[in-house]
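**Q** Sequence below, structure please.
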Amino acid sequence: MVIMIDLYNDATDQLIGSITEADLKVLTDALEEESSEDQDYYIDRATLDEVSVEHPIFVEHISGHWAVVNSAGLVAAGIDERSAPPEGGEFGRDADGRLNGVIYERALFDLFHGTPSRKGALPPDDREQELRAFSLALDHFHAAGLTSITDAAATPAEIRLYQEARAQDLLSIRMNVLLWYEHFEEMQALGFRTGLGDHLFRIAGIKAVADGAVAGGTCLLEEPYENSDGHGIQVMPDEELLEVIRRVHEAHNTLAIHANGDRAIALVLGAFEAAQEMAQRTNPGHRIEHCTVVTDDIIRRIQALGLMAVPFGSYVAFHGDKLVDYYGKSRLERMFAHRSLLDAGIRVGESEPVEETHRLAGGGLDLVIETAGAAAAVELATRLVRPGGRVVLLGIAGEGTMLELPADRIMFGDMDVIGSCSYPTATWTRVVRLLERGVVDFEPLVTHRFPAERFEDAFQLMDQREGVVAKVLLEHVPAA
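**A** Numbering: from 1, shown residues only. Okay, the predicted model is just below:
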């Protein structure tokens with residue numbers, strides 16, 4: 001039996017069988033210590049052995065680039081003190097040189113998750129359990145206001161899960177998937193290409209990983225890490241990297257390749273340059289996922305190849321001083337370089353919003369309502385609308401805000417641009433009457449009701465966003 005527990009949330013209601021609340025406290029206390037600034041890892045083999053030495057325990061970091069297992073977990077994967085990790089992976093060891101249970105990169109991918117030719121140590125998940133977990137995840141996505149997501153490393157088994165979810169009418173969000181590169185031959189044999197699918201589910205490309213993680217200090221750098229002689233982990237050997245990029249490029253598919261460190265990005269760019277020389281393609285749409293540590297030369301080469309960069313947007317705030325300890329202040333100046341990439345004319349982000357909107361909507365939107373009041377959003381609205389469509393401006397940009405857009409765009413687009421300044425009092429009266437007559441049913445939008453005196457509970461629910469939270473209604477009951 002496989003027991004899956006989310007340690008980043010309250011897990012007391014997830015306890016099953018022999019896993020006790022005391023066992024859970026060992027893990028959650030270790031997680032709290034791990035998040036401190038004093039030490040990188042408090043969860044290790046010894047920590048997990050406190051919970052069980054009989055049953056394998058596997059704790060994977062949220063990044064998916066490393067995990068920790070207990071002694072039984074090492075045995076289940078066939079790892080002992082004499083074992084060598086697969087190329088592109090590492091086994092963590094303590095000060096005495098003994099395995100500490102930390103598994104990095106390809107050692108995690110190959111030995112635990114498995115490959116097309118090798119079964120991993122992790123037992124297969126129960127399909128019904130997976131569907132329940134996926135449905136719960138969708139509830140959280142919707143509560144956060146998300147309408148589309150990407151699975152950035154999907155296997156055929158996971159694609160089958162999403163198809164089953166759709167067949168059961170559970171897939172309530174738009175999904176892009178990036179197929180893990182080791183399954184590319186299967187996709188190619190069927191003649192499939194990037195873009196296969198529809199408005200709800202689509203194969204967006206192929207995913208590969210060139211190096212390690214920023215947060216774990218394993219990305220591949222030209223210069224060593226601060227206070228270390230280590231350069232990080234190269235996950236894919238040079239020959240494999242060249243071959244994968246060449247094959248995906250020549251097959252007119254899109255590759256999204258994870259590369260964080262400047263040495264890894266340079267290796268990836270060299271492989272793309274070689275592939276483009278062998279098979280010229282215009283705007284192939286390839287992406288460098290994260291593209292974290294850059295140089296002026298790297299930016300120049302990305303722009304020349306027409307690649308897209310997808311850098312992290314939250315890591316500086318999320319990881320804070322930890323990044324200074326790993327990379328140093330000087331190197332941090334050329335990390336997460338959104339502005340430099342944009343100034344060089346490089347597409348930054350997952351996709352170009354106008355192109356993607358026109359593809360999904362079959363030529364543009366009938367109506368675009370701009371509510372932010374930002375000049376850039378107004379300009380974007382005029383590009384999202386279809387010929388003959390309508391743009392309604394509700395947002396207030398502020399006095400003196402100027403708008404720049406081609407004068408002929410509105411004329412050639414045959415569009416109506418309408419300004420609407422808020423709502424008159426009569427509008428509210430009309431809405432109340434519609435509600436009283438039952439013409440409009442807003443009940444499906446109200447997920448929670450509280451008496452007015454419990455307003456603090458209502459606001460706490462909105463902050464925590466547990467489950468599906470849409471409209472929270474405070475009800476005032478007049479005193480008798």
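**Q** OK, contacts around the nearest residue to I233 once chain neighbours are set aside?
**A** Distances taken as C-beta to C-beta, 6 or more residues apart in numbering place G212 nearest to I233, at 4.1 Å, with adjacent residues excluded. No exception for glycine: its C-beta is placed from N, CA and C like everyone else's. Taking C-beta atoms under 8 Å, 6 or more residues apart in numbering, we find G212 in contact with H65, Y104, E105, T218, C219, L220, G232, I233, V235, N260, G261.
**Q** Highest neighbour count among these?
**A** Within those, neighbour counts (other C-beta atoms under 10 Å) peak at C219, which reaches 31 neighbours.
**Q** where exactly do the strands run in the stretch 351-480 of the chain?
**A** 365-370, 385-393, 416-419, 446-451, 471-475 (DSSP state E, counting those that start in this stretch).
**Q** With respect to E182, which of those strands lies nearest?
**A** Closest approach to E182 among those is made by strand 365-370 (38.3 Å; C-beta to C-beta).
**Q** and A67, that's in a strand?
**A** Yes. Under DSSP: H, G, I helix; E, B strand; the rest coil, A67 sits within a strand.
**Q** Distance from stretch 173-182 to the middle of the chain?
**A** 11 Å (C-alpha atoms, centre = their mean, to the nearest Å).
**Q** make that stretch 64-74, sorry
**A** The chain centre lies 23 Å from the centre of stretch 64-74; the measure is C-alpha atoms, centre = their mean.
**Q** end to end, how far does that stretch reach?
**A** 18 Å (C-alpha to C-alpha, to the nearest Å).
**Q** Quick check: buried residues in that stretch?
**A** Across stretch 64-74, burial judged by 16 or more other C-beta atoms under 10 Å covers H65, W66, A67, V68, V69, N70, S71, A72, G73, L74.
**Q** of those, closest to T282?
**A** Of those, the one sitting nearest to T282 (C-beta to C-beta) turns out to be H65, at 33.7 Å.
**Q** residues contacting the closest one?
**A** Y104, E105, L108, G212, A213, A215, G216, T218.
**Q** Could you double-check that the last one sits in contact with Y104?
**A** Yes. T218 is within contact range of Y104, at 6.1 Å (criterion: C-beta atoms under 8 Å).
**Q** Looking at the closest residue to P451 other than its chain neighbours now. What's its pLDDT?
**A** Leaving aside its sequence neighbours, P451 sits nearest to E475 (C-beta to C-beta, 6+ apart; 5.8 Å). Per-residue confidence (pLDDT) for E475: 88.
**Q** Neighbours of E475, how many?
**A** The number of residues near E475, taken as other C-beta under 10 Å, comes to 9.
**Q** quick revisit: pLDDT added to the contacts of G212, as a markdown table?
**A** As requested, the contacts of G212 are exported to a markdown table (pLDDT from 0 to 100):
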| residue | pLDDT |
| --- | --- |
| H65 | 92 |
| Y104 | 96 |
| E105 | 95 |
| T218 | 93 |
| C219 | 96 |
| L220 | 98 |
| G232 | 96 |
| I233 | 97 |
| V235 | 97 |
| N260 | 97 |
| G261 | 98 |
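**Q** Let's see which of the residues you listed end up in strands.
**A** Counting by DSSP state E, the contacts of G212 place Y104 in strands.
**Q** of all the contacts of H65, which two lie farthest apart?
**A** L108 and A215 (14.7 Å).
**Q** Have a look at the two and say which one is more surrounded.
**A** Between L108 and A215, L108 has the larger neighbour count (other C-beta under 10 Å), namely 25 against 20.
**Q** Check the gap between the nearest residue to the more buried one once chain neighbours are set aside and V294 for me.
**A** In space, and not counting its chain neighbours, L108 is closest to A67: 5.2 Å by C-beta to C-beta, 6+ apart. For A67, the distance to V294 equals 29 Å [C-beta to C-beta, to the nearest Å].
**Q** now the strands of the stretch 351-480 of the chain as CSV including distance to R82?
**A** As requested, those are arranged in CSV below (distance: least, C-beta to C-beta, whole Å):
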stretch, distance to R82
strand 365-370, 62
strand 385-393, 65
strand 416-419, 72
strand 446-451, 56
strand 471-475, 59
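**Q** Next, the contact list for R386, please.
**A** For R386, the contacting residues are A361, G363, G364, L365, D366, by C-beta under 8 Å, 6+ apart.
**Q** do A143 as well
**A** R465, G467, V468, V469, A470.
**Q** ditto for G73
**A** L48, P56, I57, F58, G101, A121.
**Q** Recalculate using a threshold of 6 Å.
**A** P56, I57, F58 (C-beta atoms under 6 Å, 6 or more residues apart in numbering).
**Q** would you turn those into CSV with neighbour count and distance to L384?
**A** Listed next are the contacts of G73 as CSV, based on neighbours: other C-beta atoms under 10 Å; distance: C-beta to C-beta, whole Å:
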residue, neighbour count, distance to L384
P56, 19, 51
I57, 23, 49
F58, 21, 45
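**Q** from those, which is closest to G195?
**A** Closest to G195, out of all of the contacts of G73 and judged by C-beta to C-beta, is F58, at 35.2 Å.
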